[in-house]
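**Student:** only geometry, no sequence info:
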């Protein structure tokens, strides 16, 4: 984009021959609202723009006073600065060129797994907190009221959704929010996003209810629930972990990492992105003590008491599906601990601020003296350091900024495209089938999960085939796919990779003791291979799997897909921002698929 040709007021006018309009190569999702209110909003924006153009034509003197109506000689650029009017034109050009570029991005298809259309009773679709008619069966009038709101986008229709108990749906209208930066939510779907530097499919359809892939993910969740209180450092010697690894090895659709074709106890519940199998299970960014200014941060956390799980009886399970409450609360462990098992990760994510872990990772990176990305403009400057741009305030602010924007993209997919149900619903179907009640619902499951050792082991422990939950309320009241924690993870680690050297080796790596009360030096043979990028990828999975697999409320694919969507969101935002900086730079960093992304304004 050139800054030599500033926008003129007349460019704001609409033109039926506008070549910057988005290609009409894909219809909107069936539930994307086409409401009159949204058309009115867009019309009002055009009206404001035209009013601004008219105001420019007649001058702004009545609003600002005579001394502001003409650029004075003192502001006319004699000291190398642009004049006020010239800078205003440049600012407008940057904003409008970015908007025009985003508008030209093709809209991808938004394919789903087809379960919502496949099962008339909606047993494979998210319906939690809507009025239920029975176990696994939503009231169809309630579901119609739900779909009406999603289709219209009218805020009043959301108030008319027929609910079951007292729980409320978590912010479905966030999926309809527009954004002033980065690609719009509808620009990411079941196709690559080359203009956001993503060559993989960003949001593929989730595994269908009856598929082997769905069954495999549910098997993994049952094993995670049974290992919730086992320290990660004990996995290699734990018999349940060995049994889990053996069963998962036999699942062709298992998407986690393997070694020589085998799922080993050390590799279970890890992510498969570059570097994630190096070093301890817990990321260094999750346990390394650091500082927030002058305030020490130990990284110990308040966790929950072991062997206290929820929703393993049909009565409480059905109550929760209907939006009710058991009145139970998590029981806190009075002893602060470093995260060292699945329950700790679940507890941490239960009430975190979503980008919290990545903000603390930034503090750790700063404290250990991690090198800046070589492409950052001040990394080799002899006279300047970054601050408001390319410095600590910039990094800290960007983490919160992309987290918010990534959530918008995730919420669009959750509510208006996929509506994937939660693992607790899958466990409910397992229970119905295994107890002879499978004919009460339309859906069916793959035999791999119905015949699973994990399911039988869970039954022996809890007396039902339901999937145990780490929280008494089970999952949040929003659809499962993609996960908010995962999309924020992907976005925030992308920002940190942009600012920091991903190949920087973490000095003096640590590992939690088996009781979580202390930290010890990590002495594994791969201790010198633990890098910034590998630990960021690992941190993202620690957080999102903590909220998902370990807690029992998200599927593995929820996280893996969400991280890519978050990465794409962050890249699109960074690309939009690049032209706003006076500093010239070209930054390269490694993406989740191992390829290189480039952000440049040169």
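**Tutor:** Perfect, I can see it now. Note that the structure is predicted; figures quoted are calculated from it, not measured. Numbering: from 1, shown residues only.
**Student:** what's the pLDDT at residue 61?
**Tutor:** Listed pLDDT for residue 61 reads 32.
**Student:** residues contacting residue 346?
**Tutor:** With contacts defined as C-beta atoms under 8 Å, 6 or more residues apart in numbering, residue 346 is in contact with 228, 304, 470, 471, 546, 547, 550, 551. (C-beta placed from N, C-alpha, C; glycine too.)
**Student:** give the burial count for the last one, as a bare number.
**Tutor:** Right, residue 551. Residue neighbour count, defined by other C-beta atoms under 10 Å, stands at 26 for residue 551.
**Student:** phi, psi for it please.
**Tutor:** Per-residue torsions, residue 551: phi -80, psi -20 (degrees, to the nearest 10).
**Student:** hmm, which helix or strand of the protein has the shakiest average pLDDT?
**Tutor:** Between all helices and strands in the chain, the lowest mean by mean pLDDT, DSSP states H and E belongs to helix 61-64, at a mean of 30.
**Student:** where's the most centrally placed residue in the chain, which helix or strand?
**Tutor:** Centroid-nearest residue in the chain, with C-alpha atoms, centre = their mean: residue 487, separated by 1.3 Å. Taking DSSP states H and E as the definition, residue 487 sits inside helix 484-499.
**Student:** next, residue 163: phi, psi?
**Tutor:** phi -100, psi 160.
**Student:** ok, what's across the strand from it?
**Tutor:** When bridges are called by DSSP bridges, residue 163 pairs up with residue 130.
**Student:** tell me if I'm right that it and residue 131 touch.
**Tutor:** Yes. The pair residue 163 and residue 131 passes the contact test of C-beta atoms under 8 Å, sitting 6.4 Å apart.
**Student:** so what's in contact with the two at the same time?
**Tutor:** If you check residue 163 and residue 131 against C-beta under 8 Å, 6+ apart, the residues they both contact are residue 142.
**Student:** the two - which one has more neighbours?
**Tutor:** Neighbours were tallied for residue 163 and for residue 131 using other C-beta under 10 Å; the higher tally belongs to residue 131 (20 against 17).
**Student:** just the strands in the protein please.
**Tutor:** Taking DSSP state E to define them, one finds strands in the chain at 132-134, 137-138, 290-292, 295-297, 510-512, 519-521, 586-590, 596-600.
**Student:** wait, which of those strands is closest to residue 278?
**Tutor:** strand 510-512 (12.8 Å; C-beta to C-beta).
**Student:** give the buried residues for that closest one.
**Tutor:** Across strand 510-512, burial judged by 16 or more other C-beta atoms under 10 Å covers 510, 511, 512.
**Student:** what are the pairing partners of that strand, and which direction each?
**Tutor:** Per DSSP bridges, strand 510-512 is paired in its sheet with strand 519-521 (antiparallel).
**Student:** torsion angles phi and psi at residue 368?
**Tutor:** The phi/psi pair for residue 368 (degrees, to the nearest 10) reads phi -90, psi 0.
**Student:** measure it to residue 99 for me?
**Tutor:** As judged by C-beta to C-beta, to the nearest Å, residue 368 and residue 99 stand 40 Å apart.
**Student:** next one: residue 308
**Tutor:** In terms of C-beta to C-beta, residue 308 sits 51 Å off from residue 99.
**Student:** ditto for residue 125
**Tutor:** Residue 125 sits 35 Å away from residue 99 when distances are taken as C-beta to C-beta.
**Student:** between these two, which is the more surrounded one?
**Tutor:** Per other C-beta under 10 Å, whichever of residue 125 and residue 99 has more neighbours is residue 125, with 24 against 14.
**Student:** pLDDT wise, what is the more buried one at?
**Tutor:** 98.
**Student:** so where's this structure shaky on pLDDT?
**Tutor:** Judged against pLDDT under 70, the low-scoring parts of the chain cover residues 1-82.
**Student:** now with 50, please.
**Tutor:** When residues are selected by pLDDT under 50, those of the chain lie in 1-27, 35-77.
**Student:** coming back round to it: what sits against the residue nearest to the centre of the chain?
**Tutor:** Contacts of residue 487 by C-beta under 8 Å, 6+ apart are 406, 407, 409, 410, 562, 563, 565, 566, 569.
**Student:** again, only using 10 Å
**Tutor:** Residue 487 makes contacts with 203, 354, 402-403, 405-411, 413-414, 544, 558-559, 561-570, as judged by C-beta atoms under 10 Å, 6 or more residues apart in numbering.
**Student:** need the winner for burial among the strands of the chain.
**Tutor:** strand 510-512 (a mean of 23; mean count of other C-beta atoms under 10 Å).
**Student:** other residues contacting that one?
**Tutor:** With C-beta under 10 Å, 6+ apart, strand 510-512 has contacts from 231-233, 279-282, 284, 286-289, 299-300, 337-341, 344, 518-524, 527.
**Student:** gap between it and the chain center?
**Tutor:** Per C-alpha atoms, centre = their mean, to the nearest Å, the displacement of strand 510-512 from the mean C-alpha position of its chain is 26 Å.
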